[in-house]
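**Q** need coordinates for the following:
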Amino acid sequence: MSRGTADSGAFRSLRVRNYRFYAASNLVSLTGTWMQRIGQDWLVLQLSGDNGVALGLITALQFGPTLLLGLYGGVLADRYPKRRMLVATQTLMGLLALVLGLLVATDGIELWHVFVLAGALGSVSAVDAPVRQAFVAELVGPELLPNAVSLNSTIFNGARLVGPAVAGLLIGAASGDTAPAFLTNAASFAFTIGALLCMRTGELHSSPPVARARGQLREGLAYAWSRPDLRLAMGLALLLGTFTFNSQVTIALMAREVFGVGAEAFGLLTTCFAAGSLSGALLSTRRTRRPLQRFLVVAAVVFGLFSIVCGLMPTYWSFAALLVPTGAAGLVFSVANNSFVQLGVDPQLRGRVMALYFTCFMGGTPLGAPLIGWVCERFGAPWGFVLGGAVAVAAGGVAAAWLARGRRVRLEAHVVPPRVQLHVGPRAVPRAPVRAVPEAASAEAPGTPTSP
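**A** A predicted model of the protein is given here:
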């Protein structure tokens, strides 16, 4: 494939056969995953009597294992064939969805069952997520990676657009029974497993596996910490992932407590947020190079401002309308941050660095989701949006100040002030002045391509 061909078209990654298989199966499987998430949230509200803390706790149990297992999943991603690992993790996730569906269908479900299964699903997902993140680069190669990351987000949010609406309709048609959503999700994993098995391994851009050795996890952590640009991206991911990306809690509580609507209307709200996220992901598909750090900061602040305004909407329909640009702003930040990290790391460390990134982005959810749930329970559901947005704006402001200070230090280090010198004897040869490093170059890691 020529450079010109690789750089044209919003869907250019789909020209790669292996990626087409992966993308198509992912759309089916993720639609089922979103159906399960809506069904799980609704089931918890049914079993707990609309308890916001319980809803936050189930989210924490699903994402909490990322703190313990996410980094180890990155080590495994660098050490073993990623395709085989994904077959194993996708099989386990499908079986867990099947167990939950059967428990609900046979009226044997209790709240603690949902908690245990959510924790088990989170444990498998903690290993699966960094492997999937690193596997995308092997599917398409470095030239198409920014586009593939954006298309993955497009697929994710396309599924988010369809899955909640279908889940809401199924639950409503079944008079509140969530079993159909879980059973459908269990069946959807077969598509991803089949696609992985049908891929041509000779066409994968596999990096040489890292031999088993002591200290590989520490090596990945030290590498990320030594890079100021990666520290910035990880910090933003941690704060926004903990406090701002909690729509699964805040939208559900707004639907039940503020607007008093049922499963169908709740599904519509989630669909509105997904529609915005999908548009944000599509906007990002044109990117061909690594984003600038200041773009990450601006995107974080814009997402925070939209979140604050969204929480202040007084009616169901105004809230639904504001969810669209809020979702778009969140996905523009998320895709840019993900691409920024993936395009700035050594391929043999990509699994470990992406595991650290995913741990930052999702690992704060066990703290943030129950906290946001408690805030909503104590002060009202709108304050969940307001608090999350305020944290994003504050994080962006701190990051902007840090970047400005770093640029000022670099300028001072590279500019030589004029001095008056008295020479005795032969005239000295004048030294050439050292110029300041341009802002765009100094803002990124050395040798890294950037784009606005």
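**Q** what's around R84, how many residues?
**A** R84 has 12 neighbouring residues, counting by other Cβ atoms under 10 Å. C-beta coordinates here come from the backbone N, C-alpha and C atoms, glycine included.
**Q** using CSV, list the CA coordinates for the helix or strand it falls within.
**A** Element membership for R84, per DSSP states H and E: helix 82-105. Provided in CSV are the C-alpha atoms of helix 82-105 (Å, rounded to 0.1, in the frame of the first residue of the first chain):
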residue,chain,number,x,y,z
LYS,A,82,-2.1,-11.5,21.3
ARG,A,83,-4.6,-13.2,19.0
ARG,A,84,-4.5,-16.5,21.0
MET,A,85,-4.9,-14.5,24.2
LEU,A,86,-8.0,-12.7,22.9
VAL,A,87,-9.6,-16.0,21.9
ALA,A,88,-9.3,-17.2,25.5
THR,A,89,-10.5,-14.0,27.1
GLN,A,90,-13.5,-13.6,24.8
THR,A,91,-14.5,-17.2,25.5
LEU,A,92,-14.5,-16.6,29.2
MET,A,93,-16.5,-13.3,28.9
GLY,A,94,-19.1,-15.0,26.8
LEU,A,95,-19.5,-17.8,29.5
LEU,A,96,-20.0,-15.3,32.3
ALA,A,97,-22.7,-13.5,30.3
LEU,A,98,-24.4,-16.8,29.8
VAL,A,99,-24.4,-17.6,33.5
LEU,A,100,-25.9,-14.3,34.4
GLY,A,101,-28.6,-14.6,31.7
LEU,A,102,-29.6,-18.1,32.9
LEU,A,103,-29.8,-17.0,36.6
VAL,A,104,-32.2,-14.2,35.6
ALA,A,105,-34.2,-16.4,33.3
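**Q** residues of it that come out buried?
**A** Residues 82-83, 85-86, 89-90, 92-94, 96-98, 100-101, 103-104 are the ones in helix 82-105 that count as buried (16 or more other Cβ atoms under 10 Å).
**Q** which of those residues sits closest to L68?
**A** Checking those against L68 with Cβ to Cβ, the nearest one is T89 at 15.8 Å.
**Q** torsion angles phi and psi at P291?
**A** phi -70, psi 160 (degrees, to the nearest 10).
**Q** how near is the nearest residue in space to G163 that is not next to it in sequence to L322?
**A** Take G163 and drop its neighbours on the chain: the residue closest to it by Cβ to Cβ, 6 or more residues apart in numbering is W34, 2.8 Å away. Distance from W34 to L322, counting by Cβ to Cβ, to the nearest Å: 21 Å.
**Q** which one's more surrounded, the two?
**A** Neighbour tally, W34 and L322, criterion other Cβ under 10 Å: the higher count belongs to W34, 27 against 21.
**Q** surely the more buried one touches G158?
**A** No: counting by Cβ atoms under 8 Å, W34 stays clear of G158, with 9.9 Å between them.
**Q** anything in contact with each of these two?
**A** Both W34 and G158 are contacted by A274, under the criterion Cβ atoms under 8 Å, 6 or more residues apart in numbering.
**Q** for F340, list the residues it contacts.
**A** Residues in contact with F340 (Cβ under 8 Å, 6+ apart) are D229, A233, R290, P291, Q293, L296.
**Q** quick one: stretch 250-263 to chain centroid distance?
**A** How far stretch 250-263 lies from its chain's middle: 24 Å, per Cα atoms, centre = their mean, to the nearest Å.
**Q** revised request: answer the last question for stretch 392-409.
**A** 22 Å.
**Q** can you list the buried residues in that stretch?
**A** Buried, per 16+ other Cβ under 10 Å, within stretch 392-409: A392, V393, A395, G396, A399, A400, W402, L403, R407.
**Q** could you dump that stretch to PDB, C-alpha only?
**A** Provided in PDB are the C-alpha atoms of stretch 392-409 (Å, rounded to 0.1, in the frame of the first residue of the first chain):
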ATOM      1  CA  ALA A 392     -12.100  17.900  34.000                       C
ATOM      2  CA  VAL A 393     -11.900  21.700  33.700                       C
ATOM      3  CA  ALA A 394      -9.500  21.900  36.700                       C
ATOM      4  CA  ALA A 395      -7.300  19.100  35.400                       C
ATOM      5  CA  GLY A 396      -7.100  20.900  32.000                       C
ATOM      6  CA  GLY A 397      -6.200  24.100  33.700                       C
ATOM      7  CA  VAL A 398      -3.400  22.500  35.700                       C
ATOM      8  CA  ALA A 399      -2.100  20.700  32.700                       C
ATOM      9  CA  ALA A 400      -2.100  24.000  30.700                       C
ATOM     10  CA  ALA A 401      -0.100  25.700  33.400                       C
ATOM     11  CA  TRP A 402       2.400  22.800  33.500                       C
ATOM     12  CA  LEU A 403       2.900  23.000  29.700                       C
ATOM     13  CA  ALA A 404       3.300  26.800  29.800                       C
ATOM     14  CA  ARG A 405       5.900  26.500  32.600                       C
ATOM     15  CA  GLY A 406       7.800  23.800  30.700                       C
ATOM     16  CA  ARG A 407       7.900  25.900  27.600                       C
ATOM     17  CA  ARG A 408       9.100  28.900  29.500                       C
ATOM     18  CA  VAL A 409      11.900  26.800  31.100                       C
END
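**Q** what's the average pLDDT for that stretch?
**A** On average, the pLDDT along stretch 392-409 is 84.
**Q** name the residues that touch that stretch?
**A** 228, 232, 235-236, 239-240, 243-244, 293-294, 296-298, 300-301, 303-305, 307-308, 439, 442-443.
**Q** which of those residues are buried?
**A** 232, 236, 239-240, 243-244, 293-294, 296-298, 300-301, 303-305, 307-308, 442-443.
**Q** please pull out the lowest mean pLDDT helix or strand from the protein.
**A** Every helix and strand in the chain was compared by mean pLDDT, DSSP states H and E; the lowest is helix 439-442, with a mean of 34.
**Q** quickly find the element holding L68.
**A** Going by DSSP H and E, L68 is in helix 65-79.
**Q** where in the stretch 351-452 of the chain is pLDDT low?
**A** 363, 406-452 (pLDDT under 70).
**Q** switch the cut-off to 50
**A** 416, 418-452 (pLDDT under 50).
**Q** ok, now the chain?
**A** Low-confidence segments of the chain, defined by pLDDT under 50: 1-6, 416, 418-452.
**Q** centroid-nearest residue for it?
**A** Of all residues in the chain, the one closest to the mean position by Cα atoms, centre = their mean is S334, 5.6 Å from it.
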